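A.B. asks: Please find the sequence and the predicted model below.
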Amino acid sequence: MWRRNGLTIVMLSLFAVFWAGHALVGFRHEIEERREHGEEPIAFGEYLRSGEFWESTAENWESEFLQMAAFVWLTVFLRQKGSSQSRPVEGEAEADRAPRPRRGAPWPVHRGGLLLALYERSLTLSLVALFLFSFGLHAVAGRAAYNAEQAQHGQPAVSVAGYVASSRFWFESLQNWQSEFLAVAAIVVLSVFLRQRGSPESKPVDAPHAETEA
């Protein structure tokens, strides 16, 4: 099981560790904020249900799924000569091969039709759906956190639409989005010139810089 699924196990384990750290440190920060404002502290469970916690979580998930969806889709059409993250500049890649029913092929390939058409795009569609879910969660949780602050200052609450239209919402989103696309651009360009032996995200160490891997 470890040999076949080690990458997923490690990634999900790291996610759990860092998310737990996020919750614990966020709770401590919330307690400090309340103390500074002369408010009663809250329980850890209450913090985990708060808009503050879910807003900070969702705005990060949102940016991750956006950049992955965009990267998967844009690599269908765009190229970067010499990058291990790009399809060949000339000719076709293995991913362009028309699907055909064969032993072990996913069942939508055998069914064909609309089901196959959706399956051919299912990776991008799933990532877009996860982005939209995270975007919505960010909007709802962020609105709850914002309205809690408004109540502290005797200001009126806003609707979800009002919060999404605010500069605060887009400040929270865009500061994460820009970093995600910078990171993608970095690996696309750096993989032209640099290598990591054994990684499928890298070209072979002895590959010429101008060689573009499929």
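C.D. replies: Arrived safely.

A.B. asks: Let me know the secondary structure of the residue located most distally from the centre of the chain.
C.D. replies: Distance to the chain centre peaks in the chain at residue 38, reaching 37.0 Å (criterion: CA atoms, centre = their mean). Three-state call for residue 38 (DSSP: H, G, I helix; E, B strand; the rest coil): coil.

A.B. asks: and it, how far is that from residue 152?
C.D. replies: From residue 38 over to residue 152 the distance is 11 Å, taken as CB to CB, to the nearest Å. From N, CA and C alone the C-beta is placed, and that goes for glycine too.

A.B. asks: Give me the number of neighbouring residues for residue 37.
C.D. replies: For residue 37, the count of nearby residues is 8 (other CB atoms under 10 Å).

A.B. asks: shouldn't residue 158 be in contact with residue 143?
C.D. replies: Yes. Between residue 158 and residue 143 there is a contact under CB atoms under 8 Å: 6.6 Å.

A.B. asks: Neighbour count: those two, which is higher?
C.D. replies: Under the criterion of other CB under 10 Å, the comparison of residue 158 against residue 143 puts residue 143 first, with 22 against 15.

A.B. asks: what about that one, which helix or strand?
C.D. replies: Per DSSP states H and E, residue 143 falls inside helix 122-152.

A.B. asks: So residue 189: helix, strand or coil?
C.D. replies: helix.

A.B. asks: So, low pLDDT: which residues of this structure?
C.D. replies: The chain contains residues with pLDDT under 70 at 213-214.

A.B. asks: What sits closest to the residue nearest to the spatial centre of it if chain neighbours are left out?
C.D. replies: By CA atoms, centre = their mean, the chain has its centre lying nearest to residue 64, at 1.8 Å. Closest residue in space to residue 64, ignoring its immediate chain neighbours: residue 180 at 6.5 Å, by CB to CB, 6 or more residues apart in numbering.

A.B. asks: Quick one: residues contacting that neighbour.
C.D. replies: 63-64, 66-67 (CB atoms under 8 Å, 6 or more residues apart in numbering).

A.B. asks: Compute the distance between it and residue 69, please.
C.D. replies: For residue 180, the distance to residue 69 - CB to CB - is 11 Å.

A.B. asks: Please report the distance of the residue nearest to residue 64 from residue 26.
C.D. replies: 21 Å.

A.B. asks: sorry, back to before: so the residue nearest to the centre of the chain is in which element?
C.D. replies: Counting by DSSP H and E, residue 64 is part of helix 51-77.

A.B. asks: Now do the strand or helix carrying residue 5 against helix 51-77, angle only.
C.D. replies: For residue 5, the host element (DSSP H and E) is helix 2-36. Computed by axes from the mean of the first three to the mean of the last three CA atoms, to 10 degrees, the angle separating helix 2-36 from helix 51-77 equals 140 degrees.

A.B. asks: Use 32 as the first number for this chain going forward.
C.D. replies: Yes, from this point I'll number from 32; that puts the last item at helix 33-67.

A.B. asks: Who are the packing partners of helix 33-67?
C.D. replies: helix 75-79, helix 82-108 (3 or more CB pairs under 8 Å, 6 or more residues apart in numbering; DSSP states H and E).

A.B. asks: Many thanks, we can stop here.
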